[in-house]
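Peer 1: For reference, the sequence and a predicted model appear below.
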Amino acid sequence: MDSASVSDAINSAFAAQRAKVEERRLTFGLAERREALKNLSRAIRKNDAVIFAALKSDFGKPEAEVILSEILPVTQEIRHTLRHLRGWMRPTRHLPSLTTLGTSARVVPQAGGVCLIISPWNYPFNLALGPLVSCLAAGNSAILKPSEMTPATSALIARIIAETFPPDLVAVIEGGKDVSQVLLALPFDHIFFTGSPAVGRVVMEAASKHLASVTLELGGKSPTIVGPDADIELAAKWIAFGKFINAGQTCIAPDHLFVHSAVKERFLAALRARIAKAYGSGAESPHLAKIVNDHHARRLAGLLDDAKAKGAKVLSGGSAQGRAIEPTLIEAITPEMEIDREEIFGPVLPVMTYDDIETVLARINARPKPLSLYIFDRDKARVDHILAATSSGGAGVNLTVLQYSHSGLPFGGVNNSGIGSAHGYEGFRAFSHERALLCNRFSALPLVFPPYDGLAGRLIGFAKRLLG
C-alpha cells in the first residue's frame, strides 16, 4: 500500500474503535473480557506449529525456546488473568478521613478506551500479545503494531488477531517507522511501547501532545555481580541461560559481569563448561537462536572489533557465521570502548574483576538505572547491602531473567529503563483509569459551612486542636 492508503487504513481502524468506546463501557464486562481472553488462548494453541515456523524463519529459534520464551509467558498471563480478573475489576473501599465522615469511598477501575501497543522484534510474539492480555482484561480496544523486523511473526500475529477478534476490538497494523509515526499522531488513550530508550523518548513526546498515558518498557545495561561466596556452578548455569537465551537479544539479559577476584578463575571455568554443554562450540548450534538480521549482526561484530582494537581480550568464543554468533566472553573492558557504553543485545558477555564491592556499586550508580540487576552470593548481608545501595527496575538473587515470568510481580523499569509496569494486576492497572468515587450518606461537613461563626467556628477550632 502507498502512504495515503496506509494512513487511511490506520484512521479507519482508529475511528471504528473510537466509535465503540461508550458502548463497550456498558457491554464489555467480566464475561465478555473473559471470553475474549479464552478466544486468544484457543487461537494460540491452534496455531502452535505455525508459531514455531514463524519464529524459526525470523530468528532460527529452537522450538523449546519458542515454548519457553514466547508461548508460555502469554498463555500463563492469560491463565493468571482469568483466575483473578473478577477481583481486579471489583471496586476497592476506603475508610473516611475526619472531614469525610458520613461518606462512602470507592476506587472503581475503568477502561481507558482505545490503546496503542507497539511491540519490539526481540520477542515478537510474547511482547505483542502479552500487553494485549492486560489491555483486554481492563476492557479496552487496541491497535497493535508489531515489528517489521520479524516479518513472518508479524504476519502471523495479524492473521491470528483478524481470525479471533472484530477489528473494532483489536486490529493489527503492519509496517515500519512511517506507520508508527502515523499511529503516534492519533489521540490514543494509552500507549504501551516496548523498545529502546531512544525510541521511548519519541513515543513519550508524541503521547504528550494528546496527554495520553504511557507505559514504556525499555532496557539498559543490566549488571550482574558474582560475589565471593557465590555458588559457582549455580551462577554459571543461570548466567549462561539468562545471557544466551534468544542469542542475548533480551532486554533483561545480563549485560556485563562483575566477578570477585577470589572466585574469578573457578567461575570462568564453570561458565565455559556450561556454555560448551548447552551450545557446543562454534557459531552454529541447534540450541542457539540467530541474530535478527544482518544489520544487527554487523553491529555486534563492530562492538567486538572495537573492543579488541582497544585492548579487550577474548576469553572464549568469538566466531560468527552470518547471523549466527558464538557465545563469547571478553575481559579487559575500558570506558573508551563502545561495548562499555551501548546495550550489547547479543551473545557477547564482558567479564570484569573486582575486589571492593563499593567500586562496583559506584560504577553501577554512575550510569542510568538498569532494567534488571542480578546478584549471585550466599552472604545475605552483602546481598541486602547491594540491593539497598542501587536502583533498578527489577532484581534477581541467584537467578536471572525469571522475574519476568512471575505473574504476581510488576515488570518495568525506572527512568531510563522504563515508566510504568506490566504483567498481572499491574498490567491491568496500566490499562485502567482508577476512578475515585465518593458518595454522601450522612456527611456532617455542612455544619462547618460559612458563615464561620457560632457553631461552625467552634467545630473548626475543635478540629484544629484535635489535629494539632
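Peer 2: Sure, I can see it. Quantities reported herein were computed from a predicted structural model and do not represent experimental measurements.

Peer 1: rest of the way, CA atoms for contacts and neighbours
Peer 2: OK.

Peer 1: what's the closest residue in space to residue 70 that isn't next to it in sequence in contact with, if anything?
Peer 2: Once flanking residues are discounted, residue 70 sits nearest to residue 126: 4.6 Å by CA to CA, 6 or more residues apart in numbering. Residues in contact with residue 126 (CA atoms under 8 Å, 6 or more residues apart in numbering) are 69-71, 73-74.

Peer 1: is it fair to say residue 36 lies in a helix?
Peer 2: Yes. Counting by DSSP: H, G, I helix; E, B strand; the rest coil, residue 36 falls inside a helix.

Peer 1: what about it, neighbour count?
Peer 2: 19 (other CA atoms under 10 Å).

Peer 1: which ones are touching it?
Peer 2: 136, 165.

Peer 1: and with 6 Å instead?
Peer 2: Residue 36 makes contact with no residue under the criterion CA atoms under 6 Å, 6 or more residues apart in numbering.

Peer 1: I'd like the distance between it and residue 28.
Peer 2: Counting by CA to CA, to the nearest Å, the gap from residue 36 to residue 28 is 10 Å.

Peer 1: returning to what we had before: local confidence estimate at the residue nearest to residue 70?
Peer 2: According to the prediction, residue 126 has pLDDT 98.

Peer 1: how does this structure divide into domains?
Peer 2: As given by automatic domain parsing, the domain ranges for the chain are 3-218+418-435, 223-405.

Peer 1: circling back to that earlier point, show me the contacts of residue 126 that map onto helices.
Peer 2: 73-74 (DSSP state H).

Peer 1: Just the closest of the contacts of residue 126 to residue 315, please.
Peer 2: residue 69 (28.4 Å; CA to CA).

Peer 1: distance of the closest one from residue 179?
Peer 2: The gap separating residue 69 from residue 179 is 27 Å, by CA to CA.

Peer 1: ditto for residue 464
Peer 2: Distance from residue 464 to residue 179, by CA to CA: 59 Å.

Peer 1: higher neighbour count, those two?
Peer 2: Remark: of residue 464 and residue 179, residue 179 carries more neighbours, 16 against 10, as counted by other CA under 10 Å.

Peer 1: Just name whatever secondary elements whichever strand or helix holds that one is in contact with.
Peer 2: Assigned by DSSP states H and E, residue 179 belongs to helix 177-184. Helices and strands touching helix 177-184, by 3 or more CA pairs under 6 Å, 6 or more residues apart in numbering; DSSP states H and E: there are none.

Peer 1: what's the following helix or strand after that helix?
Peer 2: Later in the chain than helix 177-184, the nearest helix or strand by DSSP H and E is strand 190-194.

Peer 1: Also compute the angle for that next one relative to helix 177-184, please.
Peer 2: 150 degrees (axes from the mean of the first three to the mean of the last three CA atoms, to 10 degrees).

Peer 1: in its sheet, what does strand 190-194 sit against?
Peer 2: strand 114-118 (parallel), strand 213-217 (parallel) (DSSP bridges).

Peer 1: and the last one, what's its mean pLDDT?
Peer 2: This means strand 213-217. 97.

Peer 1: Which SSE is immediately downstream of that strand?
Peer 2: In the C-terminal direction, the helix or strand that comes right after strand 213-217 (DSSP H and E) is strand 223-226.

Peer 1: Tell me which other helices or strands the next helix or strand after that next one touches.
Peer 2: Counting by DSSP H and E, the next helix or strand C-terminal to strand 223-226 is helix 232-244. Packing partners of helix 232-244 (3+ CA pairs under 6 Å, 6+ apart): helix 264-279.

Peer 1: let's see it at 10 Å
Peer 2: strand 223-226, helix 264-279, strand 348-354, strand 372-376 (3 or more CA pairs under 10 Å, 6 or more residues apart in numbering; DSSP states H and E).

Peer 1: average pLDDT across it?
Peer 2: According to the model, helix 232-244 has a mean pLDDT of 98.

Peer 1: any common contacting residues for residue 36 and residue 28?
Peer 2: 136-137 (CA atoms under 10 Å, 6 or more residues apart in numbering).

Peer 1: Helices of the stretch 1-150 of the chain, residue ranges please.
Peer 2: In the stretch 1-150 of the chain, the segments counted as helices under DSSP state H, counting those that start in this stretch are 3-18, 21-27, 30-46, 48-59, 63-66, 72-89, 126-137.

Peer 1: One more: the stretch 301-450 of the chain?
Peer 2: 338-341, 357-365, 380-389, 424-430.

Peer 1: quick one on the thing from earlier: now distance to residue 189 too, for the strands paired with strand 190-194, in a markdown table please.
Peer 2: Shown next, in a markdown table, are the strands paired with strand 190-194 (distance: least, CA to CA, whole Å):
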| stretch | distance to residue 189 |
| --- | --- |
| strand 114-118 | 6 |
| strand 213-217 | 7 |
